[in-house]
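Colleague: Sequence first, predicted model second:
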Protein chains: 2
Amino acid sequence: MKMDARKQQVLMAIIMDYISTAEPVGSRTIARKFDLGVSPATIRNEMSDLEELGYIEQPHTSAGRVPSQKGYRYYVDFLMKKKDLSRKEEEIIRKGYVNKVKDVGQVVAQTNSLLSQITNYASMIITPRTDMSALKHMQLVLMNPGQAMVIVVLSTGAIKHNMIEVPEGVNQTDLDTISGVFNARLQGLTIDKIKMGLIKEIYFELSKHKNILDLAVHLLEEGLSMEKEDKIYLGGVFNILNQPEFHNIEKVKTLLSLLDQENLLRNLLERDYKEGGVTVRIGSELNREEVKDCSVVVATYHLDGQPIGKIGVLGPTRMDYAWVVSVVEHMTLNLSDTLEKMFKGWR
Amino acid sequence: MKMDARKQQVLMAIIMDYISTAEPVGSRTIARKFDLGVSPATIRNEMSDLEELGYIEQPHTSAGRVPSQKGYRYYVDFLMKKKDLSRKEEEIIRKGYVNKVKDVGQVVAQTNSLLSQITNYASMIITPRTDMSALKHMQLVLMNPGQAMVIVVLSTGAIKHNMIEVPEGVNQTDLDTISGVFNARLQGLTIDKIKMGLIKEIYFELSKHKNILDLAVHLLEEGLSMEKEDKIYLGGVFNILNQPEFHNIEKVKTLLSLLDQENLLRNLLERDYKEGGVTVRIGSELNREEVKDCSVVVATYHLDGQPIGKIGVLGPTRMDYAWVVSVVEHMTLNLSDTLEKMFKGWR
DNA sequence: GTTAGCACTCTCTTTTGTCGAGTGCTAATT
DNA sequence: AATTAGCACTCGACAAAAGAGAGTGCTAAC
C-alpha cells in the first residue's frame, strides 16, 4: 500500500482540522468541511490505510484520528504550502522596528518580542556570534586599586565587559598605554583572528613596557574570553499556556523548567540544523522528553553571508507549521536585512 | 468582643496549619495538632468569634476555616516570630556567592537566583539606582560615519551604552577630545550631580572646540538619560506552579501575564514601601486584581546608608511569612554587605 | 471502487447516592 | 460564667450508574 493523491488529501484535511480544533478528527467531519467528493465511508477506508502507514493514530477506539509525528513530518516535507503574511502582520513588524534600531541587542530583543507576539507561541533568539565581528575599541578602566574593567566594543555594537585583577601598583596611565597598543594593533580585526595569532605581535610591541607585559597578555586572554559568548532571549512563554495541550499543569511545569535552563534552550536552537532555510523539528526529533509534544521552527540569520545567529519558535506539535514557517522566514530575512543596513560600512 | 490571648492562639494555629496544608482547618484538627488544653467545641466557639471579627472565613458551610487577609495581616503584625535560617541555607547562600562577585550586575542576578531557590517562591530584584553612583569613565567611539556610541562606566561596575547620531564630519579624534574633557571634568561625580548643574561648566570648557560644542551637549543629555535606568530581575517563576493555589491554569495565566509586564512588576516592588526593614503586602493591599491571592515581601538594600534597590519575594497569600521575612532580611543584609565590600574605596 | 446501513465501542457528561468532615446549637457539667 | 458533650444538619467530595454522542469497522448493495 502506498501514499496516493487522495490519501494525501485526507491527511492534509486531518492535519488542517486538527491544527485548528485540537480535537481528534472523524470521517464525517472531513467529508463535511473539506470537499473531497467522496462519502465518509470512503474516507474511513483511507483513514484506516493512513493509520496502518503510521501517519495518523487513534487516541482510543471510537475517537477520531490525530496526526502522528510521522504525519506532521510528511505534511511539513511534502504537503504544506507557505502562507503569505497579511497586511496587518507586515504592519506590526514594520511598526515594531521604528525607533528601536539603536544597536544589535535591541534589534534582536525586539525581533524576539515581535515573533512571539505574531505567532502566539514562545520564541527564542540567540544573539550574534561575536567571533566574526570586528574589534572596534577596547578600553581598560581602573576601578579600584588592583581591579580593572576590560571593555570591548565590537563592530556589531555589542559591548562586553569583564572585571579583572591587576597588580596593585598599576595605575590608569599604565592601562591607557596598554589600551592604546591594543587598539592600534587590533582595531578592525575579527575576534577569532585576534584569538588565533596576534598575541605574539602584541607581546613584541609591549616589550617596551616590560613592567606591564605579563599583565597585558593576561588581559587579552581574560578580556576576550568573556563570560558567555552569546545570550538567548526567550519571549512569549505564557503564550503557550493558551494552547489546550497545556491545560495540564504538569506539562507546563516540565516545559517551564526546561526553558529555565539556558543550556538546554541553546541545545534546542543549535543542534545540527542545516544552515540556510527554515528547519522544523517535530516532537521526539528534539530528543528531549520534556518537549516530546512540542515542535521547534528554526532559521539562521546572516550578516555578510555569514550565519551569525538563530531564531526560533517553540509551540505544540499541533502548531500551524505553514504559517509559522512563513513568519519565521520573513522575520529572518527582515532581521538579516536590518542588521545589514545597520552595518553598511561599519566593518 | 475583643481579641484575647486564646483567640490569638487559635488564629495562630489556624494560620500555621493552613500554611502547611493549604486545606481549610477545622476545630478538631486544631485540638489534635496544637495543644491548647481545650476541646474542639470550645475552639469552635472561638473560631466563630474570629470569623465575626473578620480574621478567618469559611469557604462554605461544613468546611473548616481559612485565614482572611485581615487574619494574615494580624499574624504578620503581631503574632509571627522570625525563624533563623538553618545551617543548610546559610551554606547555600555562602556558596552561591563564591566566584560570582565580579560586578554589581552579577551579584544582583545571583542574589535573585538564590532567593527564589531558597524560598521556593518567585523572586524579584531591582538593580541599583544609578543616580547615586559616580562616573568612572566615559568614552565615545565612532562606529560609523554619523553614528557613535557613548559608553559610561559607573563606579558600581555597571556599564551603560547608547548609540547616538553625530554630524557626518565628526571623526574619532574629535570624539576623543570630548571624551577627554568629560572625563577630566566629571570623573568621580555622581550622576545626579552631573545632571543637575555641571552642564554649564562643560559648555564653557568646550567653547575652545566650537565646532563640536553643540554635539557635546547633545551627547551629555542623551548619554546620561540612557534607556531604562534600572532593570528588574525576575526568578523562580515556575516555583509558584508548585503551589496548590495555582493548579488552576487561569490563575497561572493572569499571574504570568502580569509578571511579563515590567512596569507592573516595578510597581509591585516600589509602591510606597517604607524604607528600611522588611515590608509585607498581602493580597488586595497590592491593589491588583491579578495578584489578589498573592503577597509580596519586600526589603530595601543599601550602600553607604543610601537605599539603592529593592529585593522581593512573591508568593501566594498562604505563604510562610515568618520564614520568608527572615530570608529576605538575611539576603538584604548579605547583599548590602557584599556591595559594601565591593565598593570599599571605590567611590 | 464506492457507499449506505448498522452494530459496537468507548469517552464524556449527568445523575444519583453515600460518606465524612465540620459546624452550630442546646443542655449538661464544672 | 465558661467549658464540654451530644446531636442534628449542611455541604462538598467521590464513586457508581446511566445516558448520550461521536466515531469506527464490517458487510452487503450499488
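Modeller: Perfect, I can see it now.

Colleague: For stretch A:309-325, measure first residue to last.
Modeller: 17 Å (C-alpha to C-alpha, to the nearest Å).

Colleague: what residues does the stretch 201-347 of chain A put near chain B?
Modeller: Contact residues, the stretch 201-347 of chain A versus chain B (C-beta under 8 Å from any C-beta of the partner chain): A:237-238, A:241-242, A:246-247, A:249, A:252-253, A:256-257, A:260, A:344-346. C-beta: built from backbone N, CA, C; applies to glycine.

Colleague: Tell me which of these fall in helices.
Modeller: A:249, A:252, A:253, A:256, A:257 (DSSP state H).

Colleague: Quick check: of those, which has the highest neighbour count?
Modeller: residue A:252 (23 neighbours; other C-beta atoms under 10 Å in any protein chain shown).

Colleague: which residues touch it?
Modeller: Residue A:252 sits next to A:241, A:246, B:241, B:249, B:252 when contact means C-beta atoms under 8 Å, 6 or more residues apart in numbering or on different chains.

Colleague: Pick the one among those closest to residue B:336.
Modeller: Closest approach to residue B:336 among those (C-beta to C-beta): residue B:241, at 31.1 Å.

Colleague: if you skip the residues just before and after it, what's nearest to that closest one?
Modeller: Spatial nearest neighbour of residue B:241, excluding adjacent residues (C-beta to C-beta, 6 or more residues apart in numbering or on different chains): residue A:253 at 5.1 Å.

Colleague: okay but that neighbour is in contact with residue B:240, surely?
Modeller: No: between residue A:253 and residue B:240 there is no contact under C-beta atoms under 8 Å: 10.5 Å.

Colleague: for chain A, which spans come out with low pLDDT?
Modeller: For chain A, applying pLDDT under 70 flags the ranges A:99-102, A:131-132, A:195-229, A:272-273, A:275, A:343-347.

Colleague: what residues does it put near DNA strand C?
Modeller: A:37, A:38, A:39, A:40, A:41, A:42, A:45, A:60, A:61, A:62, A:63 (C-beta under 7 Å from any atom of the strand).

Colleague: What helix or strand is the first one located in?
Modeller: Same thing as residue A:37. Using DSSP states H and E, residue A:37 maps to neither a helix nor a strand.

Colleague: and it, how far is that from residue A:45?
Modeller: Distance, residue A:37 to residue A:45, using C-beta to C-beta, to the nearest Å: 15 Å.

Colleague: Who has more neighbours out of those two?
Modeller: residue A:45 (13 against 9).

Colleague: And the nearest residue to residue A:322 once chain neighbours are set aside, its phi and psi?
Modeller: In space, and not counting its chain neighbours, residue A:322 is closest to residue A:80: 4.3 Å by C-beta to C-beta, 6+ apart. Backbone torsions of residue A:80, given as degrees, to the nearest 10, read phi -70, psi 150.

Colleague: How many neighbouring residues does residue A:80 have?
Modeller: The burial count for residue A:80: 20, using other C-beta under 10 Å.

Colleague: Contact partners for it?
Modeller: A:321, A:322, A:325.

Colleague: ok so the second one is a helix residue?
Modeller: Which is residue A:322. Yes: membership of residue A:322 in a helix is supported by DSSP: H, G, I helix; E, B strand; the rest coil.

Colleague: Surely it touches residue A:79?
Modeller: No: counting by C-beta under 8 Å, residue A:322 does not reach residue A:79; the two are 9.0 Å apart.

Colleague: so the residue in chain A that DNA strand C sits nearest to, which of the three states?
Modeller: Residue nearest to DNA strand C within chain A: residue A:62 (2.8 Å; C-beta to the nearest atom of the strand). Three-state assignment for residue A:62 (three-state DSSP): coil.
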